[in-house]
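# Return a 3D structure for these sequence lines:
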Amino acid sequence: MTEPTDSEKPSRPSNRRAYGTGFAVFLLYVFFVAAVFAGFASYLTRTHLEADFHKVTENTRGLDDLIYLLKREAVLQRQIDATLDLVREADARIDAAKATISGIEANHQRAQSQRNTLAIRTLVHVRRGQGLWEADSAAQISKALEDPELPDDLARMRAILTLVPALAYDAEAEADAVSALRGHLSAAQTELDTLDARLREIGQELLTRQSDLDRALEARSWPNKQRDQFERELNALRAREPADSSNRARVSALAQLYGGQFFLELVSMPTIFLTLIVTMAAGGLGTVVSYTRSLQSPEREAARKDGETLFVDDLSRLFVGVGEGIAAALAIFLLAGAGMLVLTNGSGSPRNAEISPYTVAFIAFLSGFMAEHAFVRIQKTGKELFANAKGKKQDGA
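Down below sits the predicted model:
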């Protein structure tokens, strides 16, 4: 029985795991290198700006105060833009409400014009047919037509249409003329009722749209007041640091970089915090470097010769090592902060001396790279500390 060729052999699951572990190593490299770079860049930028600020004679404010001013100005500008958006939305609603109201008013005027035309036409038919009524009925029609208390033709038409059901036609009048007059008056009453109903609907719709317009005007007033308040505060902040200030220009340029807002946040942090970030990132980076270096060890070479695949079960070892490296770097940072390691940058008075990020980061990298040795050193320091404390206690007794 022939053995399958290499192309026919099933792929080993460990190969897929190897690719996944290798990708994890790559991501950790990128993350820790980026963290170290960002921490050092922020530290250098902050110290450089602080030194330059003290040299500028017209400067009256520190770096932190200027960063706060710029951040607050940016927040206020965003709030002003947001209120402007609200005002534009309210203006759009106002314009839409006004356009709707204009259309409704045009329909109202059109309906009123139709009703006035109907009144004129109806009165013409009534005057032409006055001879078709009996004497008493004709007298009532004449009185309504000449009544000075009725202000216009529409009122006269309404009065006559109200009288019509109780009036009597002359028995000797032509039947066709009487029938035509009755038809005109009946149609006029129907059309008048229709126009009255239409005008009532238009009036109700006009009130509704006017209410919408009032609400839109009210909604526009609040963001306008807010915008005025934000603009006053913004102008007050800008007066504290002139727009042509070199310090403002220098710090504003940082915010224009790619990711500038995040970088500005880092620059605004205290230097001791930036040192801590660099220390922990350097410890993690040292652990990853130690891990990849271990892949070139004789044990690994022997494993490769035996056909074993790299990174088979190393993810847990990798992440545990990263955690230990960061913990060791953090311990170095605490020891330096406690004064048990002389790692200051040498600037300022002894009371205000800061931990040197260069030295701490280098030792943190070594701690991650040689985590076991670092923990031995930390354990030794701890034993010496507790031994000294115990000796002092015995001497005091």
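# which stretches of the protein have low pLDDT?
Along the chain, the parts satisfying pLDDT under 70 run over 1-19, 54-61, 243-244, 258-260, 296-314, 338-355, 366-369, 371-379, 381-382, 385-397.
# ok, the residue of it most remote from its centre to Trp133 distance?
Computed with CA atoms, centre = their mean, the residue of the chain farthest from its C-alpha average is Glu172, at 86.8 Å. Glu172 sits at a distance of 12 Å from Trp133 (criterion: CB to CB, to the nearest Å). (Glycine included, C-beta is placed from N, CA and C.)
# and what of Ala41?
Counting by CB to CB - Ala41 and Trp133 are separated by 105 Å.
# between the two, which one's more packed in?
Neighbours per residue, other CB atoms under 10 Å: of Ala41 and Trp133, the larger number sits with Trp133, 22 against 14.
# Please name the bridge partners of the more buried one.
With DSSP bridges as the criterion, Trp133 is bridged to Tyr169.
# Surely it and Val164 touch.
No: the pair Trp133 / Val164 is not scored as a contact, 10.0 Å apart, by CB atoms under 8 Å.
# which residues of this protein fall in helices?
Remark: helices assigned in the chain by DSSP state H are 13-55, 63-128, 135-146, 153-163, 175-240, 246-255, 260-267, 271-294, 298-305, 315-337, 357-369, 371-396.
# of all those helices, which gets the most neighbours per residue?
Stretch with highest mean neighbour count among the helices of the chain: helix 357-369 (a mean of 24; mean count of other CB atoms under 10 Å).
# wait, isn't Gln140 in contact with Val164?
No: in this structure, Gln140 is not within contact of Val164 by CB under 8 Å, at 10.0 Å.
# and the chain, what are its domains?
Structural domains annotated on the chain: 15-59+252-389, 78-238, as defined by automatic domain parsing.
# Tabulate the ones you listed (JSON lines), appending distance to Leu70.
Shown next, in JSON lines, are the domains of the chain (distance: least, CB to CB, whole Å):
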{"stretch": "domain 15-59+252-389", "distance to Leu70": "6"}
{"stretch": "domain 78-238", "distance to Leu70": "9"}
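# right, and the ones you listed - which one's nearest Lys71?
Distance to Lys71, taken as CB to CB, is lowest for domain 15-59+252-389 among the domains of the chain, at 7.6 Å.
# Kindly list the main-chain dihedrals of Asp170?
Here is the backbone geometry of Asp170 (degrees, to the nearest 10): phi -70, psi 130.
# can I assume it is in contact with Gly131?
Yes: counting by CB under 8 Å, Asp170 touches Gly131, with 7.5 Å between them.
# For Gln204, see how far away Ala197 is.
Using CB to CB, Ala197 is found at 11 Å from Gln204.
# do Ser246 as well
Separation of Ser246 from Gln204 (CB to CB) stands at 66 Å.
# Surely Glu231 touches Gln77?
No: look at Glu231 against Gln77 with CB under 8 Å: they stay out of range, at 9.7 Å.
# thinking in terms of the whole chain, how far from its middle is stretch 248-255?
Centroid separation between stretch 248-255 and its chain, computed with CA atoms, centre = their mean, to the nearest Å, is 23 Å.
# For that stretch, list the C-alpha coordinates in CSV.
Only the C-alpha atoms of stretch 248-255 are listed here, as CSV (Å, rounded to 0.1, in the frame of the first residue of the first chain):
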residue,chain,number,x,y,z
ARG,A,248,-1.7,79.0,21.0
ALA,A,249,-0.5,78.4,17.5
ARG,A,250,2.0,75.8,18.7
VAL,A,251,-0.5,73.8,20.8
SER,A,252,-3.3,74.2,18.1
ALA,A,253,-0.9,72.6,15.6
LEU,A,254,-0.8,69.5,17.6
ALA,A,255,-4.6,69.1,17.4
